[in-house]
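Colleague: Using only what follows, build the 3D model:
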Amino acid sequence: MRPVAKVPGQAGHAALIGFAAGLLTFLCGAPYWHHHIPAAVLTCAGSVGFAAAGGLLLDAGDSRRRVGYLLPAGAVCGSLAWTVSWNSGPWPQISFYAQGMFYVLAGYAVLSFPGGRLTGRAERGWVAFSLTVLLGGQFVVALVSPPEWNGLAPDVFWPHLTTERWVFDRVIQIVIGGQVILAAWYIALLVRRARRLSALDRPSALPVLLVTGVFGVIAAVLTAHSDAWTELDALLSFYVVLTGVATAVPLTLLSGALRERWREVDAPHRVVRMTSSTTSIGTVRDALAAALHDPRLRLLFWVPAEQNYVDRSGRAFREKTGSGRWWAEARTDEHQPLALVELDDGLRRRPGMVDAVLRAGSQALLTAQLQAVATAQLEQVLAAQARVGERETAERLRLANDLRAGAQQRLAALADHLGRLADAGLPDPSGSAAASCRDEVIATIGDLESLALGLRPAVLRTDGLGPALAEVADRLRLSVRFVVDAGRTPPAVEATTYFALCEGLTNVAKYAPGARVSVEIKVVNGWLHGTVTDDGPGGARLVPGGGLAGIDARIRALHGRTTLESVPGAGTRLHLRLPSVRSAPSGV
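Modeller: Alright, predicted model coming up:
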């Protein structure tokens, strides 16, 4: 297998990024933490969680890396929001805009988790609307109020245009209303995304969406019933409460990220464990499906002689089908095609995990490929046998038609001529000789008709298996109970079934003429089943070169199977199974 990127499992980067975010939060809120130690611990822990979760995703090396950038950036903005506690210079302005960006970045990260991108206009529209409400709204609030109305010191940097109180109050109401709408919109998006999660993403993403939805509801309620717009202490308390609630989001993200890491690390080992004791196409397929959590996984193997992929049955692969599926190719160390794996499209975002799993299963894939090549070659042999059987059946039909249209008609004309001579009153021995010749010709015609019927009886072509076999039973003087629950099948299948069951009835007439006999014919799940059962002495077996052995070879050529159960003293049961739809050569 080609080399792949190492499956990430190190937490060093995540710990470093988390520590930096926690330290930044502590420094930005230092004036407030002096008298609020528990709040400091809670808030710094929340920042560490956001940044560390992002750090883990940064090491993913796939589309989740984009989420890994958003979370630390959001943690930085959340840390800068605490600079309002300094209540001087430009820090309050920086704080309010940083707080808005924290919500935007965190919301964007959760909406794009785990795929790393927004999936529709509604989600992109939410991001645009959140920037308008959270940043644009804060800008308008600053323009229509002095810093004192916002609970800040009068000497902070606070550019404003007017000081009309009623304008300030109205703008605050509008901004709060916009934030409530924003929260409701976000919750609706979370619900929609949760419903669209694939089975692969659901274990790690669904808890994140649920926790974030709860946080959105709490944030909307607190925003609508808070004095944080006009009092600094209320604002800082508001930050502490929201931080405490929001801490559940990074914890859930961390849990999901760690589960993803464990899956990625364990997946290659799982393949090795499942294929170490035994290796077959089915075992390899099941091992890959279990490791990649894709029960619908499909596995194809490259056959160099055919220059094509085949499935586990040796049938050639035609085209890639199936919506929401991804085809990943496995190659040998020499870069030669080895296998083609159909996967859930969600695994496209985890190429490192997929490559690691395929690399771990490379030896098992090579062994399974040999089995697939052998199966494909056997399929070609059986197909060739089927074509031979088709030509044989066609030749039987042609010979039967030639007998009826040629020799039988000429012999019938000769018998008629001899009959007229015998009836003309010729003297003996001429008259007797003509009559004797006429009788021999008529007997020969009967023999030819029996031969033609044995090749392919007309009743089989016109009425099907049931009436044709009933005619055979009458000719063999057997009392047979028929149970026929099958319509017409491809001619080659029908002819093969007829000759096989005829052979079974002939054996009964030869070795157990007084036995009770039953014939059952039915179609089950696309397979034609035929059974001849008798309560005779038993002891029958497939003898090389015998009639039953020849029938068995022809049945196997049509991808069928023959079973003979014959215990001495317990009767005989001959069962055959042939594909009634996919199959069998037709045109005979």
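Colleague: what about the stretch 201-350 of the chain, any weak spots by pLDDT?
Modeller: Residue ranges of the stretch 201-350 of the chain with pLDDT under 70: 222-229, 257-258, 260-261, 264, 267, 269, 273-279, 305-306, 312-315, 318-324.
Colleague: where along it do the strands fall?
Modeller: Applying DSSP state E, counting those that start in this stretch to the stretch 201-350 of the chain gives strands spanning 298-303, 308-310, 325-331, 337-344.
Colleague: could these go into TSV alongside mean neighbour count?
Modeller: Every C-beta, even on glycine, is put in place using the N, C-alpha and C of the backbone. What follows is these, written out as TSV (neighbours: other Cβ atoms under 10 Å):
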stretch	mean neighbour count
strand 298-303	22
strand 308-310	18
strand 325-331	17
strand 337-344	21
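Colleague: With distance to Asn507 added, can I get those in CSV?
Modeller: CSV is the format used below for the strands of the stretch 201-350 of the chain (distance: least, Cβ to Cβ, whole Å):
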stretch, distance to Asn507
strand 298-303, 41
strand 308-310, 39
strand 325-331, 51
strand 337-344, 47
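Colleague: Relative to Ala246, which of the ones you listed is closest?
Modeller: Of all the strands of the stretch 201-350 of the chain, strand 337-344 sits nearest to Ala246, with 31.6 Å by Cβ to Cβ.
Colleague: what helices or strands is that closest one leaning on?
Modeller: With contacts defined as 3 or more Cβ pairs under 8 Å, 6 or more residues apart in numbering; DSSP states H and E, the secondary structure elements packing on strand 337-344 are helix 281-292, strand 298-303, strand 308-310, strand 325-331, helix 351-360, helix 362-402.
Colleague: between it and strand 325-331, how many degrees?
Modeller: 160 degrees (axes from the mean of the first three to the mean of the last three Cα atoms, to 10 degrees).
Colleague: Centre of the chain to strand 337-344, how far?
Modeller: 12 Å (Cα atoms, centre = their mean, to the nearest Å).
Colleague: now stretch 13-33
Modeller: With Cα atoms, centre = their mean as the basis, stretch 13-33 stands 45 Å off its chain's centre.
Colleague: residues touching the residue nearest to the spatial centre of the chain, list them.
Modeller: When Cα atoms, centre = their mean is applied to the chain, the residue found nearest the centroid is Arg296 (2.5 Å). Listed by Cβ atoms under 8 Å, 6 or more residues apart in numbering, the contact set of Arg296 reads 289, 325, 342, 344.
Colleague: And for Ser479?
Modeller: Residues touching Ser479, when contacts are defined by Cβ under 8 Å, 6+ apart, comprise 473, 516-517.
Colleague: try it again with 10 Å
Modeller: By Cβ atoms under 10 Å, 6 or more residues apart in numbering, Ser479 lies in contact with 473, 514-517.
Colleague: all strands in the stretch 451-588 of the chain, in order from the N-terminus.
Modeller: Listed in chain order (using DSSP E, counting those that start in this stretch), the strands of the stretch 451-588 of the chain are 480-485, 517-524, 527-534, 561-566, 572-579.
Colleague: close enough to count as contact, Ala246 and Ala219?
Modeller: Yes - taking contact to mean Cβ atoms under 10 Å, the distance of 8.2 Å between Ala246 and Ala219 places them in contact.
Colleague: Compare these two (neighbour count), which wins?
Modeller: More neighbours surround Ala246 than the other of Ala246 and Ala219, with 25 against 21 (other Cβ atoms under 10 Å).
Colleague: Any figure for the gap between that one and Val127?
Modeller: Counting by Cβ to Cβ, to the nearest Å, the gap from Ala246 to Val127 is 18 Å.
Colleague: can you check Ser255 too?
Modeller: Here Ser255 is placed at a distance of 26 Å from Val127 (Cβ to Cβ).
Colleague: can you check Arg263 too?
Modeller: The gap separating Arg263 from Val127 is 30 Å, by Cβ to Cβ.
Colleague: which of those two has more neighbours?
Modeller: Under the criterion of other Cβ under 10 Å, the comparison of Arg263 against Val127 puts Arg263 first, with 19 against 16.
Colleague: Who are the contact partners of that one?
Modeller: In this structure, Arg263 makes contact with 7, 200, 203-204, 270, 291-293, 350, 353, judged by Cβ under 10 Å, 6+ apart.
Colleague: Name all residues that make contact with Leu105.
Modeller: Contacts of Leu105 were listed using Cβ under 10 Å, 6+ apart, and they are 50, 69-78, 127, 130.
Colleague: Correction: the previous question concerned Leu236.
Modeller: In this structure, Leu236 makes contact with 29, 31-32, 36, 39, 81-82, 84-85, 151, 228, judged by Cβ under 10 Å, 6+ apart.
Colleague: Go through the residues you listed and give me the one with the most neighbours.
Modeller: Taking other Cβ under 10 Å as the neighbour criterion, Trp82 ranks highest of the contacts of Leu236 with 30 neighbours.
Colleague: ok, the residue nearest to that residue when sequence neighbours are not counted to Val41 distance?
Modeller: Closest residue to Trp82 apart from its sequence neighbours, by Cβ to Cβ, 6 or more residues apart in numbering: Gly29 at 3.3 Å. For Gly29, the distance to Val41 under the criterion Cβ to Cβ works out to 12 Å.
Colleague: Ok, Arg193 next?
Modeller: 32 Å.
Colleague: Show me which of those two is the more surrounded one.
Modeller: Here Arg193 and Val41 are compared on neighbour count by other Cβ under 10 Å; more neighbours surround Arg193, at 23 against 13.
Colleague: Check that one and give its pLDDT.
Modeller: Note for Arg193: predicted pLDDT of 84.
Colleague: can you check Val144 too?
Modeller: The pLDDT attached to Val144 in the predicted structure is 89.
Colleague: burial count for it?
Modeller: 20.
Colleague: need the contact list for it.
Modeller: 160-172.
Colleague: circling back to that earlier point, between Gly29 and Val41, which contacts overlap?
Modeller: The contact lists of Gly29 and Val41 share no entry, where a contact means Cβ under 10 Å, 6+ apart.
Colleague: quick one: the closest residue to Glu342 other than its chain neighbours from Arg263, how far?
Modeller: Beyond its immediate neighbours in the sequence, the residue positioned closest to Glu342 (Cβ to Cβ, 6+ apart) is Arg298, lying 3.8 Å away. Applying Cβ to Cβ, the value for Arg298 to Arg263 is 21 Å.
Colleague: tally of neighbours for Gly244?
Modeller: Residue neighbour count, defined by other Cβ under 10 Å, stands at 16 for Gly244.
Colleague: Quickly note the distance from it to Gly216.
Modeller: Distance, Gly244 to Gly216, by Cβ to Cβ: 15 Å.
Colleague: What of Arg461?
Modeller: In this structure, Arg461 and Gly216 are 74 Å apart, going by Cβ to Cβ.
Colleague: can you check Leu236 too?
Modeller: Per Cβ to Cβ, Leu236 is found 21 Å from Gly216.
Colleague: Equivalent analysis for Ala290, please.
Modeller: With the distance defined as Cβ to Cβ, Ala290 ends up 36 Å from Gly216.
Colleague: Pretty sure the residue nearest to Glu342 sits against Trp326.
Modeller: No - here Arg298 does not reach Trp326: they are 11.0 Å apart, not a contact under Cβ under 10 Å.
Colleague: Spit out the residues that contact those two alike.
Modeller: Contacts common to Arg298 and Trp326, judged by Cβ under 10 Å, 6+ apart, are 341-343.
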